[in-house]
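> I need the structure of the sequence given here:
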Amino acid sequence: MSINFDSKLICDVGLRIAAAGVRSIRRAAAGDEIPKKVLAVRLGMHRQTLSTRLSRGDMKLSEFVSAALAVGERPSDLLATAEDAADLPALADKEVK
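Numbering: from 1, shown residues only. Sure thing, here's the model as predicted:
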């Protein structure tokens, strides 16, 4: 028994969810008036590195979790909100024999 996955679709949806999650960190930091330099120090990285990650909408999972906590948010809540907003299509066909 196997399941057919559309790998391009999965990658596209994954990128959309990741980007929405990173945007939510950027919004939370801005809403709390946390400058990028302060957030970068909290995360142990250079401001330019953080700025690049935020503008690209992609970062390591460990960076995402740390950044969410640093702005006072639960990482799981940010991802759940991002996933809900992504309008997910069916990612896998039914069983294939």
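> Three-state assignment for residue 34, please.
When classified by DSSP: H, G, I helix; E, B strand; the rest coil, residue 34 comes out as coil.
> number of nearby residues for it?
Residue 34: 15 surrounding residues under other CB atoms under 10 Å. C-beta here means a position set from N, CA and C on the backbone, and glycine is covered the same way.
> I'd say it and residue 71 touch.
Yes: using CB atoms under 8 Å, residue 34 is in contact with residue 71, at 6.1 Å.
> where does the protein have low pLDDT?
1-5, 88-97 (pLDDT under 70).
> what's the longest helix in it?
If you go by DSSP state H, the chain has its longest helix at helix 7-31.
> the following helix or strand past it packs against which elements?
Sequence order places helix 36-43 as the next helix or strand after helix 7-31, per DSSP states H and E. Other elements packing on helix 36-43 under the criterion 3 or more CB pairs under 8 Å, 6 or more residues apart in numbering; DSSP states H and E are helix 47-56, helix 61-70.
> quick one: closest of those to residue 80.
helix 61-70 (11.7 Å; CB to CB).
> contacts for the closest one?
Residues from elsewhere that reach helix 61-70 (CB atoms under 8 Å, 6 or more residues apart in numbering): 18, 21-22, 25, 28, 34, 39, 42-43, 45, 50, 53, 59, 74-75, 78.
> roughly how far does the closest residue to residue 37 other than its chain neighbours sit from residue 6?
Spatial nearest neighbour of residue 37, excluding adjacent residues (CB to CB, 6 or more residues apart in numbering): residue 47 at 4.7 Å. Look at residue 47 and residue 6: by CB to CB, to the nearest Å, they are 38 Å apart.
> next one: residue 35
41 Å.
> thinking again about what came up before, and the longest helix of the chain with helix 36-43, angle?
Computed by axes from the mean of the first three to the mean of the last three CA atoms, to 10 degrees, the angle separating helix 7-31 from helix 36-43 equals 110 degrees.
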